Structures are given as C-alpha cells and as structure tokens.
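Enquirer: coords please:
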Amino acid sequence: MTAAPITPDDSTSNEGGHEAARREKMRKLIAMGIDPWGQRFDDRTLIGEIRALAGEIVFVKEDGSSIAPPNREAQPDLDFRKWLADQGKGELKGPTVRAAGRIVLQRDAGKLRFINIQDWTGRLQLMIGQAQVGEESWKLAENCDLGDLIGVDGEFKYTKTGEPTIFAAKLHFLGKCILPPPDKHAGLADPELRHRMRYLDLAYTEGAMQRFMSRTKVVASIRNTLNLQGYCEIEGPTLHTIAGGAAARPFKTHHNTLDMQLFLRIALELHLKRLLVGGMERVYELGRVYRNEGISPKHNPEFTMLEVYQAFGNYETMMDLTEAVICNAIKALDGSYVRPWGEKQIDFTPPFQRRTYDDLFREHTGIDPQDAAAVKALAEKIGFETAGKHPDVIKSEVFEEKVEDALVGPIFVTDYPSSICPLTKRKTSNPEVAERFELFVHGMEVANAYTELNDPDLQEQLFSQQLAGQAAEDSMAKMDTDFVRALKYAMPPAGGLGIGIDRLVMLLTNTQTIRDVILFPVLRPE
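Expert: Numbers count the residues shown, from 1 in each chain. All right, here's what the predicted structure looks like:
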C-alpha cells in the first residue's frame, strides 16, 4: 500500500480510506492479544550505536577461523557477493542487539519481509523471515503499517549484498500509526505544514531532526563555555511590571489577584545588572523573550536570547567571549570554521574582523558620517522621513539600509553614536561615541554588546530623553526607577553581551528561515 501525502484534511478525517484500513489492522493486533500502544521496552540500543558495531561482524569459515568483512561505509562500491564467494564455505556472525524505531519503509518478499526502522540517531534495515521469527511475530509483521513503532531482537550483520541489517528473531509492537504518514518521495513539501505539524517534520523530513539536534549541541556548548569561565546561570522573571532593557513593543497581560498590568519580558538585561550590584560578578541567562512585532525569516515574536554580564570587564572583553562562544559551538558540531550559507560561505576562523561604525559608514556610502547635512540628504534620497529626528537617528537608519546588508563577516561593528545607545558607557576620550559593538554575519545581526553604563544620574537622564519619544504602547514608556535606584548602590564597571540563539543556529546549520530552527514558531490559526 502506498501512503498518501498528508494534508490538513487528512489529519481530521473520519474512519475512511487509509485510516479505516489501519484501524482494521489494529483490531487484528488486539485480537492477537497485542497491545497496539506498546509497553515498556528496556535495554534497547540506539540505531546509530548499532551501526557502529559493524566492526564486530565477522565471517566464520568452515574450519573455525574468521575474517573481518570489508568496511562497507569506506567501500560502498564493493561487490560484496563476490567477496563472500571468495571466502569459501562459512557464514557471517554479528552481535545480538535490541532496537526500536518507526517504520519508514517496508517490502514483502514472500516468506521474507524487509522493514526499515528509524530512531533519532539513524535508520536500519530489518530482515524478517517467517521461519526465523515464528508465527506470532510473522502475523505482527503482516499487520504493520508505515509509521508504526516496533521493537526487534536479533543478530546484526550484513546481507549477501552487504547491507547492514538486523536479522530478526522476535518482534515487539510499540505503537500504532492510525493516520497515513507523508509520501516517502514528496514528504512535507509545504513549509507551513512542516512548522504546524513539527512531529511529522521531525519524523519524515530529511535533515530536520539533525538540525534540531545541532541546536541542542550549540546551546549545551554555550552553557559549557560560560560555566568553565566561571559564569553563573540564573533564571530571571518573565513577567515584568515595566517592559525595559530594549526598545520594542511588549505583550501585555493582567494579574487578577493583584489587579495589575504585566508585560512578557522583551529583554533580560535590567534584572541581570541588578545582580551585578548585588555582587554576582559573572552572570548569564539563556531564556525566551517576547516582542509584539512582525514575523519574517529573521524574526519570530518569541525567541531565545543569551545575555551575559561580567563585572570589571568592557565591550572588548565581550568580543573575546563572543568569539569563544561561537567557535566552541562550531567545535561541538563538526569543527569546520568554513560553513555553507546558501550558495555562499561563512569563514568563522578567529579572530573576527573589527571595524568602527563611522569607518564602515564612510566606506559604504561615500559620505563623511560627521556631515549631518549630507547624511540627511542621503536619507531623504533613500525615502526616509527626517523631520524632527536626531541626526544620529537619521544616520542609524541610513546605516541599516546601506551598510548592514553589505557586511559579510563575521565582523564586529564597534563604537556607535552614543545618542542611540542609552544603556552604554561613553568613551572617555569622546563622549559622542558609545563603547558598543554588534556582530554581523551576511547582513544579519547576531550579537550586541556594551561597556555597561553604571552612572545612575546619566542613566536617569538618558531614560528620560528616550521616554520622550516613545508611544505609550511601546516599551520603556515608563521609567524603571528601581533599576536607577539599584545603580545608586554602585554597579561595578562591566561588559554585557546579548546573542540571538536562533539566528546563530541558522548560520551554523545553513538554515535560511528562523522558523526552521524554532521547534514551534508562532503561526496563524489553522
């Protein structure tokens, strides 16, 4: 039976067509005394680990001597039948194994059935012989469908054609798939369907499971890098009374008991910096933040941020840390610093390039960044509204339009105009410049870092200036006076860093849309 491609209608169908046939097989299993939803199945070995046991397979000759077969992974074009014939009389022997997985392919060959199962580490063929497994396991196999979950005990060795295979001795039924899985060739072609039905995407889309496993490795590596450098992971609140730490529109909610408005956090920053005041000198949080803004290949309203703060450091400290975090994440994947990005490549070989904001502005626009009139004229030529805007805001809009997309990177863009960086310390030698960097890779901002502002009077003044231009529904429409109060108790000079984890995973796994690295992205209702 060929499985039909799944559509949204399939997932809500009644007992008809493929589903009815599958339910009939389930009834037959029940009649055989088999639980169609399975039971505990201990002591199994993951398929990836079983495949690694190929070195234990031997050909035992008639005289009792043995020889190891050729490595099939290293010699895929080897004529294995000929190799066997050259050895004379004897048989292949391999380790006894126990495996479990989802059926992704099956074919009937009379008194033999071949089934391919898959777990989260790989795929492997099973060979089921009617005489070898007995009547009960044979009937079980006859009532299996694509998508069912089964377990197997047997001997792992090669077939006569050299295919790594478990020669089944006994089968175990572990779960019935009532709805037909996607067609093995078409798969889940619709991106929205893959995002909405992530369970099918993981099970049937080539590379999907590996991509999310790579994300897990990246996150684990980041924690390991920071922990080894003495940073302490904390858990800050996700419900804030004031939405602060970034300029973004928050999600609002209401607490009934206290009858108060709350916001889902838009940043992690202000609570982490309170901890610096309290004496926690190296802190970080890996957590979700929420911004009530647009959706695009680079944006999801719910995303994962890393924020790190180090007392007695600065933004240069954070540059070194950023390189270490990214390079160690690459080592946790496959160690290749040169990585594909669509039809292009990214070379993450450290050290990353470092260029100032003004130098890049001049290089990509041909205009002196200090010439406010020329910058304004260019902004108006592009189509930006300039009336009533601070010159540095206009310059920032031009920079985003003309410079950012041209940055290949990885490149640290340093020394931003201080007027657009209200949480950043100014350069002592030039207060018009903030000690800030952003890391760009192929036009995408991946990291943002500051030498943190710890002057409470200046912080309060800058907050006030920023609030004057904010709409009431936007973030920071109210000053976080407790944060300013905390600074008055002396926050040490510090470096602070934020990295967008989803974007970093995109770049390291050659994934062009953020929705393909977030397991459950925000979607419109079905």
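
Enquirer: in stretch 354-374, what counts as buried?
Expert: Under the neighbour-count criterion of 16 or more other Cβ atoms under 10 Å, stretch 354-374 has 355, 356, 357, 358, 360, 361, 362, 364, 365, 367, 369 buried. The way it works is simple: take the backbone N, C-alpha and C, and place the C-beta from them, glycine included.

Enquirer: Sorry, slip of the keys, the one I care about is stretch 484-503.
Expert: For stretch 484-503, by 16+ other Cβ under 10 Å, it's 486-487, 491, 494-503.

Enquirer: I'd like the distance from that stretch to the chain centre, please.
Expert: Remark: stretch 484-503 is offset 25 Å from the chain centroid, using Cα atoms, centre = their mean, to the nearest Å.

Enquirer: tell me, how many neighbours does residue 33 end up with?
Expert: When counting by other Cβ atoms under 10 Å, one arrives at 7 neighbours for residue 33.

Enquirer: farthest residue from the center of the protein?
Expert: residue 63 (54.1 Å; Cα atoms, centre = their mean).

Enquirer: Distance of that one relative to residue 107?
Expert: Distance, residue 63 to residue 107, by Cβ to Cβ, to the nearest Å: 37 Å.

Enquirer: now residue 358
Expert: Residue 358 is 66 Å from residue 107, by Cβ to Cβ.

Enquirer: Which pair in the buried residues of stretch 354-374 has the greatest spatial separation?
Expert: Farthest apart among the buried residues of stretch 354-374 by Cβ to Cβ are 355 and 367. That separation is 16.5 Å.

Enquirer: Just to be sure, residue 78 is in a strand?
Expert: No - read with DSSP: H, G, I helix; E, B strand; the rest coil, residue 78 is coil and lies in no strand.

Enquirer: show me what contacts it?
Expert: Residues near residue 78 by Cβ atoms under 8 Å, 6 or more residues apart in numbering: 70, 72, 162.

Enquirer: do that again at 10 Å, thanks
Expert: 69, 70, 71, 72, 162 (Cβ atoms under 10 Å, 6 or more residues apart in numbering).

Enquirer: Then residue 222?
Expert: So residue 222 contacts 284, 286, 306, 308, 324-326, 328-329, 332, 499, 501, 504 (Cβ under 10 Å, 6+ apart).

Enquirer: Can you tell me which of the residues you listed end up in strands?
Expert: Judged by DSSP state E, the contacts of residue 222 include 284, 286, 306, 308, 499 as members of strands.

Enquirer: By neighbours, which of those wins?
Expert: Going by other Cβ under 10 Å, residue 308 tops the ones in strands among the contacts of residue 222 with 27 neighbours.

Enquirer: about what we covered before: would you mind giving the ones in strands among the contacts of residue 222 as a markdown table with distance to residue 95 added?
Expert: A markdown table is the format used below for those (distance: Cβ to Cβ, whole Å):
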| residue | distance to residue 95 |
| --- | --- |
| 284 | 44 |
| 286 | 40 |
| 306 | 43 |
| 308 | 46 |
| 499 | 44 |
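
Enquirer: Helix or strand for the residue nearest to the spatial centre of the chain, just tell me which one.
Expert: Compute the mean C-alpha point of the chain, and by Cα atoms, centre = their mean the closest residue is residue 215, 3.6 Å away. Element membership for residue 215 (DSSP states H and E) is helix 208-228.

Enquirer: which residue packs closest to residue 236, ignoring adjacent ones?
Expert: Nearest non-adjacent residue to residue 236, counting by Cβ to Cβ, 6 or more residues apart in numbering: residue 271, 4.2 Å away.

Enquirer: What's the local residue count around that neighbour?
Expert: Neighbours around residue 271, by other Cβ under 10 Å: 22.

Enquirer: so it sits in a helix?
Expert: Yes - under three-state DSSP, residue 271 sits within a helix.

Enquirer: which residues does it contact?
Expert: 234-237, 240, 244-245, 265, 283, 285, 307, 480, 483, 486.

Enquirer: likewise residue 46?
Expert: 52, 99, 100, 101, 119, 120, 121, 122.

Enquirer: same thing but 8 Å
Expert: Contacts of residue 46 (Cβ under 8 Å, 6+ apart): 99, 119, 120, 121.

Enquirer: now swap in residue 434 and tell me
Expert: 415, 416, 417, 418, 420, 421, 424, 425, 426, 427, 450.

Enquirer: In terms of pLDDT, where does residue 183 sit?
Expert: On pLDDT, residue 183 comes in at 77.

Enquirer: quick one: it and residue 144, what's the gap?
Expert: Taken as Cβ to Cβ, the span from residue 183 to residue 144 is 18 Å.

Enquirer: Those two: which is more packed in?
Expert: Applying other Cβ under 10 Å to residue 183 and residue 144 shows that residue 144 carries more neighbours, namely 21 against 16.

Enquirer: what's around residue 57, how many residues?
Expert: Residue 57 has 18 nearby residues by other Cβ under 10 Å.

Enquirer: check contacts around the closest residue to it other than its chain neighbours.
Expert: Leaving aside its sequence neighbours, residue 57 sits nearest to residue 94 (Cβ to Cβ, 6+ apart; 4.3 Å). Listed by Cβ under 8 Å, 6+ apart, the contact set of residue 94 reads 53, 56, 57, 58, 155, 156, 157, 158.

Enquirer: and the first one, which of the three is it?
Expert: Going back to what we said before, that points to residue 53. Per three-state DSSP, residue 53 ends up helix.

Enquirer: The residue lying closest to it once chain neighbours are set aside - how many residues pack around it?
Expert: Nearest in space to residue 53, with sequence neighbours left out and distances taken as Cβ to Cβ, 6+ apart, is residue 95 at 5.3 Å. Applying other Cβ under 10 Å, we find 14 residues neighbouring residue 95.

Enquirer: wait, which of the ones in strands among the contacts of residue 222 is closest to residue 383?
Expert: For the ones in strands among the contacts of residue 222, the nearest to residue 383 is residue 499 (32.0 Å; Cβ to Cβ).
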